[in-house]
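please find the sequence and the predicted model below.
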Amino acid sequence: MKLLIVEDQARTGQYLRQGLNEAGFATELASDGETGQFLALSGDHDLLILDVMLPGRDGWQILQAVRQAGRDTPVLFLTARDAVEDRVHGLELGADDYLVKPFAFSELLARVRSLLRRGASPSQDTSLSLADLRLDLIRRRAERAGSRIDLTAKEFSLLELLLRRQGEVLPKSLIASQVWDMNFDSDTNVIEVAIRRLRLKIDDPHPNKLIHTVRGMGYVLEERPA
Amino acid sequence: MRRVSLGSRLALLFAACTAAVSLGAGLLFNRASEQHFIELDQQLLASRLSLLRTQLAGIHTAEALKARLPALREVLSHQADLGMRISGADGTPWFTSRSGLPPAVLPTGLGTQHAQGADYRSLTAPLAPGSHASPQLALYLDITHHQHFLQGMQRLIWLTVGLSALVTALLGAWAARSGLRPLRQIGQVAAGVSARSLTTRLPVAQMPEELAELASTMNAMLQRLDDAFQRLSAFSADIAHELRTPLSNLLTHTQVTLTRPRSLEEYREALHGNLEELQWMAQMINDMLFLAKADHGLLVPGQAPLALHEEVDALLEYYAPLAEDGDVQMLREGEAMLHGDRHMLRRALSNLLDNALRFTPAGGQIRVALAAGPSISVANTGVAIEPAALPRLFDRFYRVDPARRQGSSEHAGLGLAITQSIVQAHGGSIRAECSQGWTRFVIAFTEGQ
């Protein structure tokens, strides 16, 4: 997966690049609009991350040029401004997502993964599993090590999300948005409590823990060597 | 169109009015005097006529007249301004008292005539009334001096009109100028308004009645500006203050960490600590930007039809784990519909629920009541809030207990302010009340949303 970052703030660009590289993506970085547009039109990127305010050409102009060239590469906008018109303008031009600074890197990473996955054909899975945890999506049943686990509807959705995106750190805001459709940042600890309750059912009876807290970032479902 | 000053307009208007009134009065007076003169002349002529009729009674021929002429001239000599002409019934002139008289007016009656630079009032009548064959007598009264008087008066009228117009224009300009002085005062106050002088007020009591309303409107505007400015200043000061604490934590923590080499675990711990402070700051900045957007009227809610009971149920489900943890019972009563923005309303209600959960003791209850209107009330049991503090709950950074310091898990005190701005963006209002062990937040939207 190859990403293009167009960001004129040297530090921001550098940090983003490092973070995305370490998350397993190949990245290119352009620090002005002209270079960014040239790279966007000549390269074969899977995703473009564009800052709106750029010297030379702004993010919107690059997006327009890319769309006019007939490319439907997903575009994620980063902006320090959060005016409604900006958001609408960006989405009208064909931006796929929009992040307002300050944002958490975990949030950016989750969004990038969502956008990259969007291109892929939707999964037809009838069941999801990790280690001895198994989720039957048709009968809406969960079991671990062969024994059935009773889950509420939301707990099931939460576990399904964690399983679908196993290995990825999911920020609390993303979980709230995907499972409960709560699309706002809130400093409530509802998600912590919900995860704790899920852990109680999934992990507590077993020595091999699957749900892990990544401090300050979010939660991840993965198998870790004991 | 050229702009004419209010003072000039008023002065011109006054002048025009005075001119019109004095012109009207003058014309009326002129006409009345003219009428009066005519009446006087008529009376004079009529008395002369009856005198002459007596004197000339029985005359039917020119010859007969000639015999009476000396006596007639005697009579006429006493009356210098009176002329006369006598003619036969067939119109042949028998006698003319002087030259230059205008021809007789036919057949009878009073008239005004002009001949050879003189004006005459004439009266023509038969010498013997009732007889067809009577000679005609025409009397002429020289009224040139009357006419001169009337012309003189007309000139006087025009002069008066002109002068009074001029004088009232000048007086009007002066009066308008002094009358409009309060307006200039208002202008001066308005010109002097700046962020520093928002406390200036116009003296309403000294204003004329017509301007008192304008002045008090302006004072009210200044008051609102002052309030808004004070709030903004306080908000800015609060922002600086609220950011100062986490920033100082970050600085201290980072510098202390860097003072000597540490273990990997310690560095990781330091970064985590910093991360928490930073996340808290980011959240607060985002909240403040949201409020700033609301302040600028940039919060434009969608207008989708929403079943509020479904939204509330979704939120109650979301908060259910937290409520169960705290042994708090949550329930919803009633149903209501509203046109609005789903995400924003969820955020607004979630802040209320979050707040309620925070202050409801174990074993307590949270009731969300929906009613047509629509109105939403979120009530929770718990310690009563002081009545004085209730309206202040929606102030930014307001905390019931000021001593409580916000940690990374604590609230910045912006949640209720955000709820209020969302409600207001939907054209609704929110208030807090406290009674009988319940703290209640009531949102009322206006009918016909």
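Structure received. Computed from a predicted model, the values in this text were never measured in an experiment.

what sits against B:S8?
Taking Cβ atoms under 8 Å, 6 or more residues apart in numbering or on different chains, we find B:S8 in contact with B:A173. C-betas here are computed from N, CA, C, even on glycine.

so who does the most centrally placed residue in chain A touch?
In chain A, the C-alpha nearest the mean C-alpha coordinate belongs to A:A110, at 1.5 Å (Cα atoms, centre = their mean). Shown in contact with A:A110 (Cβ under 8 Å, 6+ apart): A:168-171, A:174, A:218.

that one looks like it's in a helix, true?
Yes: A:A110 forms part of a helix when assessed by DSSP: H, G, I helix; E, B strand; the rest coil.

ok, B:L416 touching B:R392?
No: B:L416 is not in contact with B:R392 according to Cβ atoms under 8 Å; the separation is 9.9 Å.

just give me the neighbour total for A:R140.
Burial of A:R140 is recorded as 12 neighbouring residues (other Cβ atoms under 10 Å in any protein chain shown).

err, A:T12, not the other one
Per other Cβ under 10 Å, the neighbour tally for A:T12 reads 16.

now the one 5 residues further on
Other residues within reach of A:R17, judged by other Cβ under 10 Å, total 18.

equivalent analysis for B:R3, please.
7.

circling back to that earlier point, return only those of the contacts of A:A110 found close to chain B.
The subset of those within reach of chain B, by Cβ under 8 Å from any Cβ of the partner chain, is empty.

B:G415 touches B:L357, doesn't it?
No: if you go by Cβ under 8 Å, B:G415 and B:L357 don't touch, sitting 11.7 Å apart.

higher neighbour count, the two?
Legend: neighbour count by other Cβ under 10 Å for B:G415 and B:L357, higher for B:G415 (23 against 20).

mind pulling up the pLDDT for the closest residue to the more buried one other than its chain neighbours?
Closest residue in space to B:G415, ignoring its immediate chain neighbours: B:N351 at 3.9 Å, by Cβ to Cβ, 6 or more residues apart in numbering or on different chains. In this model, B:N351 is scored at 91, pLDDT.

with the one 3 residues further on instead?
For B:D354, the model assigns a pLDDT of 90.

now swap in the one 5 residues further on and tell me
For B:F359, the pLDDT comes out at 87.

what is the burial count for it?
Residues lying near B:F359 (other Cβ under 10 Å) number 15.

shaky segments in the stretch 1-150 of chain B?
Applying pLDDT under 70 to the stretch 1-150 of chain B flags the ranges B:1-2, B:104-107.

show me where it has its helices.
Taking DSSP state H, counting those that start in this stretch as the test, the helices found in the stretch 1-150 of chain B are B:6-55, B:62-77, B:144-179.

who's more crowded, B:L416 and B:R392?
Shown here are B:L416 and B:R392; by other Cβ under 10 Å, B:L416 has more neighbours (23 against 14).

tell me, please, the helix or strand in chain A that averages the lowest pLDDT.
Lowest by mean pLDDT, DSSP states H and E among the helices and strands of chain A is helix A:84-93, with a mean of 67.

count of neighbours near the residue nearest to B:G415?
Counted by other Cβ under 10 Å, the residues lying close to B:N351 total 24.

helix or strand for it, which one?
helix B:342-359 (DSSP states H and E).

chain A contacts on the stretch 301-449 of chain B?
Counting by Cβ under 8 Å from any Cβ, the stretch 301-449 of chain B comes close to chain A at B:314-315, B:317-319, B:321-322, B:325, B:343, B:346-347, B:350-351, B:354, B:409, B:411.

what's near enough to touch the nearest residue to B:L139 once chain neighbours are set aside?
What sits nearest to B:L139 in space, not counting adjacent residues and going by Cβ to Cβ, 6+ apart, is B:L123, at 4.7 Å. Each residue near B:L123 by Cβ under 8 Å, 6+ apart is listed here: B:42, B:45-46, B:49, B:109-111, B:138-139, B:141.

rewinding a little: most neighbours, which of the contacts of A:A110?
Counting by other Cβ under 10 Å, top hit in the contacts of A:A110: A:L170 with 26 neighbours.

please report phi then psi for that residue.
For A:L170, the backbone dihedrals (degrees, to the nearest 10) come out as phi -100, psi 120.

who's in contact with it?
Here A:L170 is in contact with A:106, A:110, A:161-162, A:218-220 (Cβ under 8 Å, 6+ apart).

could you rerun that using 7 Å?
Counting by Cβ atoms under 7 Å, 6 or more residues apart in numbering or on different chains, A:L170 touches A:110, A:162, A:218-220.

what helix or strand is A:Q37 located in?
Here A:Q37, judged by DSSP H and E, is contained in helix A:33-42.

what's the answer for B:I443, then?
strand B:438-445.
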